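>>> Sequence first, then the predicted structure:
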Amino acid sequence: MKIATWNVNSAKARLPNITEWLTAAAPDVVLFQEIKCETAAFPAAAFVELGYEVHAVGQKAYNGVAILSRQPVTDLLTRLPGDEEEDPQARYVEGTIGGVRIASLYLPNGNPPGDGDSDKYRYKLRWMERLRLHAKGLLEAGAPVVLGGDYNVIPAPEDVYDPVGWRNDALFRQETRLKFQEILALGYTEAFRSLHPGRHPAYTFWDYQAGAWPRNNGLRIDHFLLSPQAADRLMGCEIDKAPRGKEKASDHTPVILEINA
DNA sequence: ATGGTGGATCGTCCA
């Protein structure tokens, strides 16, 4: 099973780029983030035409996630549990595909962090704790679990072009990395780094500004976390840089995971 | 210190 994750930075603005890539890469499951439209405005028909079942969770202007699948999706969850009343942001969708529990998540950015006490940064850390608790519960359910998406977390210094300059950024602060490590400590495996321990730089995001793409000033912030049963089936995990070099590109590029059927 | 870019939306917010 080939599963792709891609922060597309607007599904509508990116539609030609997305359909071109899906046709060539032919993933079985696709996890989108930042679709940036309401659920009803998501261009689902274009993906149905390519053979996918579509499950989008959107909101006006910001955020928004989706799962596309060639096989049927069951037991859909459209919010990350915890603080559901207070959190209207569309950042999480999860379903079961071929016996695998698969989520598309868009973790809050959290900038500016202030001294680690800004409202946005505290929301990020609370969201990460909600994710940790939910990820823990998923392990107890027994099915293999794949949590893919834009984590807005730089796991280690080799995952950012300038670790010193980024040390206080919400994506790289110590508290952010420790909270990410807490999720891994439950028993999850970060697929790309586990398969390619020495491969860096290996980025998934390059800012639109300051020539970040031509200078390769990137970040690795899009990840797949696998439960032990899913990690046992891990066959490959690769970053496809090509879409970032296209006209009208998203600032993120896709990551592709392969697990044994 | 600022601005540099891009999307949604139409004055700003977000990244």
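Arrived safely.

>>> Can stretch A:237-253 be said to contact DNA strand B?
Yes: using CB under 7 Å from any atom of the strand, stretch A:237-253 reaches DNA strand B at A:Lys248. Where C-beta positions appear, they are placed from N, C-alpha and C, glycine not excepted.

>>> in that stretch, what counts as buried?
For stretch A:237-253, a neighbour-count test (16 or more other CB atoms under 10 Å) marks A:Cys237, A:Ile239, A:Asp240, A:Lys241, A:Pro243, A:Arg244, A:Ala249, A:Ser250, A:Asp251, A:His252, A:Thr253 as buried.

>>> could I get these as a markdown table with pLDDT?
Putting the buried residues of stretch A:237-253 into a markdown table (pLDDT from 0 to 100) gives the following:
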| residue | pLDDT |
| --- | --- |
| A:Cys237 | 98 |
| A:Ile239 | 98 |
| A:Asp240 | 98 |
| A:Lys241 | 98 |
| A:Pro243 | 98 |
| A:Arg244 | 98 |
| A:Ala249 | 98 |
| A:Ser250 | 98 |
| A:Asp251 | 98 |
| A:His252 | 98 |
| A:Thr253 | 98 |
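
>>> Narrow the residues you listed to those in strands?
A:Cys237, A:Ile239 (DSSP state E).

>>> Residues of chain A that sit close to DNA strand B?
Neighbours of DNA strand B within chain A, by CB under 7 Å from any atom of the strand: A:9-10, A:12-13, A:36-37, A:60-62, A:108-109, A:111, A:120, A:207-210, A:248.

>>> And those residues, which of them are buried?
Buried residues within the residues of chain A next to DNA strand B, counting neighbours by 16+ other CB under 10 Å: A:Asn9, A:Lys36, A:Cys37, A:Pro108, A:Asn109, A:Asn111.

>>> Wait, a helix at the third one?
In this case it means A:Cys37. No: going by DSSP: H, G, I helix; E, B strand; the rest coil, the assignment for A:Cys37 is coil, not a helix.

>>> what about the residue lying closest to it once chain neighbours are set aside, how many neighbours?
In space, and not counting its chain neighbours, A:Cys37 is closest to A:Gly58: 5.2 Å by CB to CB, 6 or more residues apart in numbering. By other CB atoms under 10 Å, the residues close to A:Gly58 number 21.

>>> Check the one 10 residues further on too.
Taking other CB under 10 Å as the neighbour definition, A:Leu68 ends up with a count of 25.

>>> Please apply the same query to A:Val30.
Quick note: A:Val30 (other CB under 10 Å) scores 28 neighbours.
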